[in-house]
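Peer 1: just coords:
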């Protein structure tokens, strides 16, 4: 046995020593300041003394007490430790345990926290003890705490009743020499004696137990009167006389009183009753003391546990009389004040000091309270920062732990008790949902807290249909209280065998069906995860969404390698322009809401305002969607079928998941709308000028359309019997039904355009006739097909592509037999091949180059393949002869070159293999040139086509040209529309005597010209200043969950090859609306989503009648609005230097970021741990990794 | 001996380590002691304060106007705790020893008069700068102790303190801690009347 020794111990350690020396065998606890040190100290003493003690960190206080009670029923000496609010959690078993009692002693150590210094309340556990009818002891010092711990265990065992030992924080956390000795009690073995009347007592039995309890309490009260820790101290001088003042002093207040008596000169003037047993109060002692004093003062904390038990007719001064403050800790200063007043009122003299001068001097310094903040590099800071930055308008139910400090970052709105983040999130949800509102609710909880009391709340939330996001911040430790292990960490308090519990399994067990993971040190990734989780809460089958963030505790890992790579950062400095009065930044440094041109519009040759189209389609407003397209051209139903959609290729979404189905939405708008109906309403004012258009194809018709709308008298001369050009005579029925085309062409009648068909200029109408018009647009296309210059090219069974297609459109089906060869690689070749297929032939396309070099639209090539058309590449035709089994024999040669022309000799190709195929027909589709016989010599040519500038101006004044007839070509219908528009603008400007609008000229680099931009005034123009389409990497993609594209359906090829019905089915209006509403980014165009308004840290952005206003007196130039704008609709280039906006120090609040006198930020190297996260914080990009040259 | 010492600082500066030195000193001399300290907030950047009472005391907290010594690792924290200093008695004025690193001023003109009236013995040094020079910025507390050790009338000798430092330092911290302590001894007193 070890001899007694003196050791310096913390009060908590002294309690542990007392329990150990009294023979405790079993201890459970949950961490909570100021009690956390008790269990680890027991474990240390156990190891030191080599004794057997079971020690357990329980998952919560109720669990801890119930577990210990069972051991106590089995006869083991037990102890349970917790803080005062933990007893609230353990209240259920505690109250029951008084009645049932124990066999082995059970000491319930509950630490109170007057102040409070780290608790939600200043509740008095002794009052709880009175309520629970459990004896309570109140030590005044670490030594007494040890003595009382021993006494408590012994008392508990003797009376078979749990006993509460109630130290306050000052006792728990003060140090003193304490005498330590060996273990006194014998080891007891477990032996549970069955007695259901006691251990499982029903209400009837409880009455008996209550009676028994009352008897125990009466006996204990008598015994307490004999304990030396309770004593009456009377001044020697006053034997027998009534004292003017008697002080009842409990707990640590007695210690302060002892030290204060002498300085105050009150020694020997007052009587003292020291009470260490708050309940049951030894009334005999109290009555004795009371009889000796004329008035009493009660000093105890934190509340009136003893004061309320003293009920006599003499004045009792305490909280109830206002002599003692009802809140706050009783520090020596406070007690000094109480004593001075009480002494004075009792007629005694106390020598008080006046400390006001120094106190006032310090107060005049107005020192800032140093509020606690998360450690530098803490993952919680990164999480809360991301939460607040992404959803400042959300409700943030928080919980208890280090992460409560998310408060400082504006991302914790409530902190009530353990586990309340989840239950309150649920409550908030149902409260708002009742009104039909669904604000985002983002709850945060730590892993430790979740294991403590998260599960029941989560079960309830799922079961009752709540919808919110729960972020579980898993740093695998109970951080705030000193890094005790959690069940997930899996290490038990004293190393006894246990198991780690998987957090995800528990969460799933509560019914959650959405668990994702995020790394808060990756801001963009975390924002994306939040966005997806919120999405889940809004889906019909969705519900609670859990995100788990995992990172080590930066403080716990100190000394071990940090989990992140260290990054030394620096804050870049440079010239900063301030506003005149020195605050904020200069006007030109401030953000501007500025719409930019979307990439789809920039890429569209027809100049469709696609972003606007999407906005209207999203609302289901197809009528206005159609109008948006009619503003640019009359062919949405056509282009929605045949255009190769460069808009979709340029669509930023294609870099994210898939491009929007823009073309299909154009088709839907065209099919739904009716241009002819639109223009019965519009009556253009006639200008009195006339324009002649030669050629009724898409280029000429587009020019006619715009010029007629602008008020010109327009006449179109078309050589064929009907207008339409390629649209009617080349593009096959299955791509563009005639019915659809005819409907679109009706608008020309409505617009009053004079259509003169079957009139070929140069044949039926002399060139000179054209001069009667004020301007002319030549748009005769390219219809003169090239022929193969090979032997046999004139044989019967040879067809020209465009002729073949034209005849088909006119209802003439040539007999092409059953096997057809198509020569060529452009759209005409594919159109001819697919048409021939539908006439029942087996078709092979022969092309001189490789597939990638084919001029045809890739979609058409794939469609041809899907329909069973064969392709052979890098072959050239040599001659056509009479066939043996079929009409024709076509000799071809395979060539290596990828650039061979059609004319022999093919230099360098000698020796390449030749082969012959037998076919019933050959269709040549090797290109067409403009037919320009009608042109006057004064119109200059270039490369056998009309020479024009980018606006269609020819060399002959007053004459313009557009489309395939020009040296710029058109290539596609959309290209022709573009050329027609330019020519119309050029003609209009010339006839008005003006130059082409500057803005339109500036857009000449891209194809997209909307008529609004080109013709309207600066004020109303949508894309007034900005020409460059914003790139995907400038967007904040967190707002955009990935969603599958709605693609228009197609009929299966094996069904469609039997006829000429349309192969594509288009999109339904529902799908179109959803596609536009959910997937369009609206690149660069403000959609009034209010993100900027919500994220502005100083509230400088307001909305006035649908437009945003930025208050220059408030704006600090931080640039957060630009960075958070989902679609780059705010212009504000990053400066790359600190602008002293204070954003990082206010909203990120890392202790390593400090502001100098002028407000510029610098790094405190002493505190910084090089986590590098602040690089992602500064919206100006001023915080960067340090350049390595040191 | 009866000595009441208040130690102040910011979490992470090692104020509690300094408090433990005084506890060790009392133990070395076989004197009874009571101490009190803030727990839990010391990591989180909050104010930290420790009370050490050496001698025959009952209560763990030092009352305002009772401290024989205020030692602070930070100028602001020093100001915050000035009310603890006792007025001068027949043993002289109380010690006020402050680390004024990073541009801190001590004492502020608004309190200088009161401190003078209390007869406080003020001594200041830049312990942070010295610690940084040694490449051990977290040893500022030991530098400050070294500085204190050579002040006239300081109740403990350098040898005692050096022994206490060795005694409570972990094995691989003993040498750098002692070095920091002795470097502090050589620091000039920056407080000039």
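Peer 2: All right, it came through fine. Not measured: the values here are computed from a predicted model.
Peer 1: for residue 48, which three-state class applies?
Peer 2: Looking at chain A here, since you left the chain open. helix (DSSP: H, G, I helix; E, B strand; the rest coil).
Peer 1: wait, chain B
Peer 2: strand.
Peer 1: please enumerate the helices of chain B.
Peer 2: B:15-28, B:75-80, B:109-118, B:127-133, B:140-149, B:158-168, B:174-185 (DSSP state H).
Peer 1: ah, wrong one, I meant the stretch 501-650 of chain A
Peer 2: Using DSSP state H, counting those that start in this stretch, the helices found in the stretch 501-650 of chain A span residues A:503-509, A:523-538, A:599-603, A:610-618, A:622-630, A:636-642, A:646-650.
Peer 1: export those helices to a markdown table and tack on distance to chain B and mean neighbour count?
Peer 2: Glycine gets a C-beta too; all of them are placed from N, C-alpha and C. Shown next, in a markdown table, are the helices of the stretch 501-650 of chain A (distance: least, C-beta to the nearest C-beta, whole Å; neighbours: other C-beta atoms under 10 Å in any protein chain shown):
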| stretch | distance to chain B | mean neighbour count |
| --- | --- | --- |
| helix A:503-509 | 24 | 16 |
| helix A:523-538 | 23 | 19 |
| helix A:599-603 | 48 | 26 |
| helix A:610-618 | 48 | 25 |
| helix A:622-630 | 57 | 22 |
| helix A:636-642 | 62 | 27 |
| helix A:646-650 | 51 | 21 |
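Peer 1: quick one: which of those is nearest residue A:412?
Peer 2: helix A:523-538 (15.9 Å; C-beta to C-beta).
Peer 1: give me the distance from that closest one to the chain's centre.
Peer 2: 4 Å (C-alpha atoms, centre = their mean, to the nearest Å).
Peer 1: okay, and for chain B, where does confidence drop off?
Peer 2: Residue ranges of chain B with pLDDT under 70: B:39-45, B:102, B:193.
Peer 1: pick out the residue closest to the middle of it.
Peer 2: Chain B has residue B:71 as the residue nearest its centroid, 2.8 Å off, counting by C-alpha atoms, centre = their mean.
Peer 1: count of residues packed around residue A:218?
Peer 2: The local packing of residue A:218 (other C-beta atoms under 10 Å in any protein chain shown) involves 10 other residues.
Peer 1: and it, what pLDDT?
Peer 2: We have a pLDDT of 95 for residue A:218.
Peer 1: run through who's touching whichever helix or strand residue A:1070 is part of.
Peer 2: Using DSSP states H and E, residue A:1070 falls within helix A:1069-1079. With C-beta atoms under 8 Å, 6 or more residues apart in numbering or on different chains as the test, helix A:1069-1079 has contacts from A:613-615, A:617-620, A:622, A:653, A:660-661, A:664-665, A:668, A:672, A:1043, A:1045-1046, A:1067.
Peer 1: coming back round to it: ok, the residue nearest to the centre of chain B touching residue B:14?
Peer 2: No: counting by C-beta atoms under 8 Å, residue B:71 does not reach residue B:14; the two are 11.7 Å apart.
Peer 1: which residues touch the residue nearest to the centre of chain B?
Peer 2: Shown in contact with residue B:71 (C-beta under 8 Å, 6+ apart): B:5-8, B:18, B:95, B:97-98, B:144, B:148.
Peer 1: if you rank these by neighbours, which is first?
Peer 2: Neighbour max across those (other C-beta under 10 Å) = residue B:144, 35 neighbours.
Peer 1: can you name the residues that contact the nearest residue to it once chain neighbours are set aside?
Peer 2: Closest residue to residue B:144 apart from its sequence neighbours, by C-beta to C-beta, 6 or more residues apart in numbering or on different chains: residue B:127 at 4.4 Å. Counting by C-beta under 8 Å, 6+ apart, residue B:127 touches B:73, B:99, B:101, B:140-141, B:143-144, B:147, B:184, B:187.
Peer 1: may I ask which of these has the most neighbours?
Peer 2: The most crowded member of the contacts of residue B:127, judged by other C-beta under 10 Å, is residue B:144 (35 neighbours).
Peer 1: surely that one touches residue B:97?
Peer 2: Yes: assessed by C-beta under 8 Å, residue B:144 is found in contact with residue B:97 at 6.8 Å.
Peer 1: related to what we said a few turns ago, of all the helices of the stretch 501-650 of chain A, which one comes closest to residue B:46?
Peer 2: Here helix A:523-538 is closest among those (C-beta to C-beta), at 27.4 Å.
Peer 1: what is that closest one packed up against?
Peer 2: On a contact count with 3 or more C-beta pairs under 8 Å, 6 or more residues apart in numbering or on different chains; DSSP states H and E, helix A:523-538 meets helix A:379-390, strand A:469-474, strand A:515-518, strand A:545-550.
Peer 1: give me the neighbour count for residue 186.
Peer 2: Here I'm looking at chain A. Other residues close to residue A:186 by other C-beta under 10 Å number 6.
Peer 1: meant chain B, my bad for not saying
Peer 2: So residue B:186, with other C-beta under 10 Å, has 11 neighbours.
Peer 1: again, but for residue B:133
Peer 2: The burial count for residue B:133: 11, using other C-beta under 10 Å.
Peer 1: how about the contacts made by it?
Peer 2: With C-beta under 8 Å, 6+ apart, residue B:133 has these contacts: residue B:183.
Peer 1: quick one: the helices of the stretch 501-650 of chain A as JSON lines, columns for distance to residue A:1131 and mean pLDDT too.
Peer 2: Compiled in JSON lines, the helices of the stretch 501-650 of chain A are given as follows (distance: least, C-beta to C-beta, whole Å; pLDDT from 0 to 100):
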{"stretch": "helix A:503-509", "distance to residue A:1131": "44", "mean pLDDT": "96"}
{"stretch": "helix A:523-538", "distance to residue A:1131": "21", "mean pLDDT": "93"}
{"stretch": "helix A:599-603", "distance to residue A:1131": "17", "mean pLDDT": "90"}
{"stretch": "helix A:610-618", "distance to residue A:1131": "17", "mean pLDDT": "94"}
{"stretch": "helix A:622-630", "distance to residue A:1131": "25", "mean pLDDT": "92"}
{"stretch": "helix A:636-642", "distance to residue A:1131": "32", "mean pLDDT": "96"}
{"stretch": "helix A:646-650", "distance to residue A:1131": "21", "mean pLDDT": "95"}
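Peer 1: adding distance to residue A:353, write those helices out as a markdown table.
Peer 2: Below are the helices of the stretch 501-650 of chain A laid out as a markdown table (distance: least, C-beta to C-beta, whole Å):
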| stretch | distance to residue A:353 |
| --- | --- |
| helix A:503-509 | 56 |
| helix A:523-538 | 56 |
| helix A:599-603 | 78 |
| helix A:610-618 | 76 |
| helix A:622-630 | 83 |
| helix A:636-642 | 92 |
| helix A:646-650 | 82 |
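Peer 1: just give the number of residues close to the closest residue to chain B within the stretch 251-400 of chain A.
Peer 2: Residue of the stretch 251-400 of chain A nearest chain B, by C-beta to the nearest C-beta: residue A:332 (3.3 Å). The number of residues packed around residue A:332, counting by other C-beta under 10 Å, is 22.
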